[in-house]
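Trainee: prediction below, plus the sequence it came from.
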Amino acid sequence: MDDNEVVQLVDELIEIGRTDGYLVTNKEYYMADGKTNLDVSAKFDSTFKNKRAREIGETLDEKGGMDLMRAAAERVHKILGPLKARHLEAAWSRIGSWLA
């Protein structure tokens with residue numbers, strides 16, 4: 001993976017943080033009748049974590065391990081702030097050796 005690919009993945013992570021977010025709540029995932037909100041479940045897994053953000057985390061882990069994931073998380077922190085960075089950390093829980 002070259003630097004340009006890493007930059008593209010991190011840019012996508014930042015866009016996810018700006019738009020959909022890295023996490024949803026139980027209330028957002030399930031509708032009042034207890035059924036899954038299909039619009040939300042298309043983007044978030046059953047543990048309320050953004051599927052694409054996790055895929056990106058897995059790719060970064062495969063290509064550069066914890067160092068690359070940490071650099072991406074630091075970029076998210078710098079651009080989107082500490083709350084969004086914390087949400088990303090939680091969404092990445094148990095990817096490689098990442099612990100939220």
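Mentor: Here it is on my side, so go on.

Trainee: who's in contact with the residue nearest to the spatial centre of the chain?
Mentor: For the chain, the residue sitting closest to the mean C-alpha position, by C-alpha atoms, centre = their mean, is Ala53 at 3.1 Å. Applying C-beta atoms under 8 Å, 6 or more residues apart in numbering to Ala53 gives the contacts Leu13, Ile16, Tyr22, Leu88, Ala91, Trp92. All C-beta atoms are positioned from the backbone trio N, CA, C, and that covers glycine.

Trainee: doesn't it lie inside a strand?
Mentor: No. With the criterion set as DSSP: H, G, I helix; E, B strand; the rest coil, the secondary structure at Ala53 is helix rather than a strand.

Trainee: sorry, back to before: and the contacts of Ala53, which two are furthest apart?
Mentor: Greatest spatial distance in these: Ile16 and Trp92, 12.1 Å, computed using C-beta to C-beta.

Trainee: counting neighbours, go ahead and name the busier of those two.
Mentor: More neighbours sit around Trp92 than around the other of Ile16 and Trp92, counting by other C-beta atoms under 10 Å; the figures are 26 against 22.

Trainee: good, we can wrap up now.
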